[in-house]
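Asker: quick one, structure for this:
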Amino acid sequence: MELIPAKTIVTRNQTSEWFGSDYTMNIYRGCCHGCIYCDSRSDCYRIEDFGRVRAKADALRIIRDDLRRKVKTGVVATGSMSDPYNPFEAKEQLTRHALELLDAYGFGAAIATKGTLVTRDTDILQSIRERAPVLVKLTITCTSDALAAKIEPGAPPPSERFMALEKLAKAGVFCGVLLMPVLPFLEDNEADVLELLRRAAACGARFVYPALGMTMRAGQREWFYQKLEEYFPGKGLAARYESRYGGRYYCAVPQADRLWRSFTAACSRLGLLYQMPEIIRAYQQGYAAQLSLFS
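Answerer: This is a model prediction of the structure:
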């Protein structure tokens, strides 16, 4: 695997509002999932050749030194700019060993991924949870494997991600779904969204956190339109986006208010959390309950 230099990897977040995470850790750069909507392709991030996965050289030593220098422990998030469970992780095991370091130094973990390999590391997540909070967020934007094969061609199909979710839940890991983005004209069918909620609840998900729309920035927008024409020829989707949203950054789905009402009603009926403060409070309380078993 190609290596790139890094001086630091575990960095302090400005706030802990995003799932209660205090720090961010990205070991890999780039992603091979090929998601047509990926915000990380935006020019503002300056990631050249984004579809090529590279690892940060001497990553585990840097992470160890970063953790040693922290005055205060906290929850370390991973998966914000690259997937920690990309296919290379099966051999490299950098994410697994990084989690072992979090465990050794008393830090919690908040993982965002489309990768089903996360289930390999339930043993470490269970160990971390004895002393610190643990949260796993599996991104699932639709229930159709056929549609996902077009919009997320390099990622495991949704059916496999649901199975991974069920394995994590059965292992006692606090987990749920990132329903983001919901692509206008492609994924915003109310029946499909409600079916995703039903399946998530059946798998033991504790939450579904949504974004009923998508972002579009320079670089990302051009890639997205190109892939719409490639994977959905003759449907005029790029023209529909351009007509409705123009150069807008956030593109909410049509009838967003109606879909939100249906979404929240279904979450309440199924016992799924969907508001950030409630999700943070629930997984932190879960850690506290686990901690009491060892005190």
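Asker: spatially central, which residue of the chain would that be?
Answerer: Most central in the chain under CA atoms, centre = their mean is Ala112, positioned 3.2 Å from the mean C-alpha point.
Asker: so who does that one touch?
Answerer: Residues near Ala112 by CB atoms under 8 Å, 6 or more residues apart in numbering: 77-80, 137, 139, 178. To be clear about C-beta, it is placed using only N, CA and C from the backbone, and glycine gets the same treatment.
Asker: most neighbours of all those, which one?
Answerer: Compared across the contacts of Ala112, Thr78 has the highest neighbour count, 27 neighbours, by other CB atoms under 10 Å.
Asker: before we move on, the earlier item: list the ones among the contacts of Ala112 that fall in helices.
Answerer: Using DSSP state H, the subset of the contacts of Ala112 located in helices is empty.
Asker: what's the local residue count around Pro277?
Answerer: With other CB under 10 Å as criterion, Pro277 counts 10.
Asker: quick one: average pLDDT of the helix or strand containing it?
Answerer: Using DSSP states H and E, Pro277 sits in helix 276-293. Averaged across helix 276-293, the pLDDT comes to 78.
Asker: kindly report the same for stretch 129-141.
Answerer: Mean pLDDT, stretch 129-141: 96.
Asker: centre of the chain to that stretch, how far?
Answerer: Taking CA atoms, centre = their mean, to the nearest Å, one finds stretch 129-141 lying 10 Å from the centre of the chain it belongs to.
Asker: over to stretch 216-226?
Answerer: In terms of CA atoms, centre = their mean, the centre of stretch 216-226 is set 20 Å apart from its chain centre.
Asker: got the contact list for it?
Answerer: Stretch 216-226 is touched from outside by 36-39, 41-44, 238, 241-242, 245, 247-249, 251, with contacts defined as CB under 8 Å, 6+ apart.
Asker: ok, of the residues you listed, which one's closest to Leu117?
Answerer: For the contacts of stretch 216-226, the minimum distance to Leu117 (CB to CB) is 19.3 Å, reached by Cys38.
Asker: now do that closest one against Ala146, distance only.
Answerer: Cys38 sits 20 Å away from Ala146, going by CB to CB, to the nearest Å.
Asker: what's the answer for Glu48, then?
Answerer: 32 Å.
Asker: got it, and Phe174?
Answerer: Separation of Phe174 from Ala146 (CB to CB) stands at 31 Å.
Asker: the more surrounded of those two?
Answerer: Taking neighbours as other CB under 10 Å, Phe174 and Ala146 compare with Phe174 leading, 25 against 8.
Asker: what are the ranges of the helices in the stretch 1-150 of the chain?
Answerer: Here the stretch 1-150 of the chain has its helices, by DSSP state H, counting those that start in this stretch, at 59-69, 89-92, 94-104, 122-128, 145-151.
Asker: who are the packing partners of the first one?
Answerer: Translated: helix 59-69. If you count contacts as 3 or more CB pairs under 8 Å, 6 or more residues apart in numbering; DSSP states H and E, helix 59-69 packs onto strand 10-12, helix 94-104.
Asker: repeat the analysis, applying 10 Å as the threshold.
Answerer: With contacts taken as 3 or more CB pairs under 10 Å, 6 or more residues apart in numbering; DSSP states H and E, helix 59-69 sits against strand 10-12, strand 23-25, strand 75-78, helix 94-104.
Asker: same question for the third one.
Answerer: Using 3+ CB pairs under 10 Å, 6+ apart as the contact test, the elements touching helix 94-104 are strand 10-12, strand 23-25, helix 59-69, strand 75-78, helix 89-92, strand 108-113, helix 122-128, strand 134-139.
Asker: and the last one, by the same measure?
Answerer: Using 3+ CB pairs under 10 Å, 6+ apart, the elements in contact with helix 145-151 are helix 158-170, helix 220-231.
Asker: mean pLDDT for those helices: which is lowest?
Answerer: Across those, helix 220-231 has the smallest mean pLDDT, namely a mean of 95.
Asker: quick check: buried residues in that helix?
Answerer: Within helix 220-231, the residues that qualify as buried are 220-221, 223-225, 227-228, 231, counting by 16 or more other CB atoms under 10 Å.
Asker: continuing past it, what's the next helix or strand?
Answerer: Beyond helix 220-231 on the C-terminal side, the first helix or strand identified by DSSP H and E is helix 237-245.
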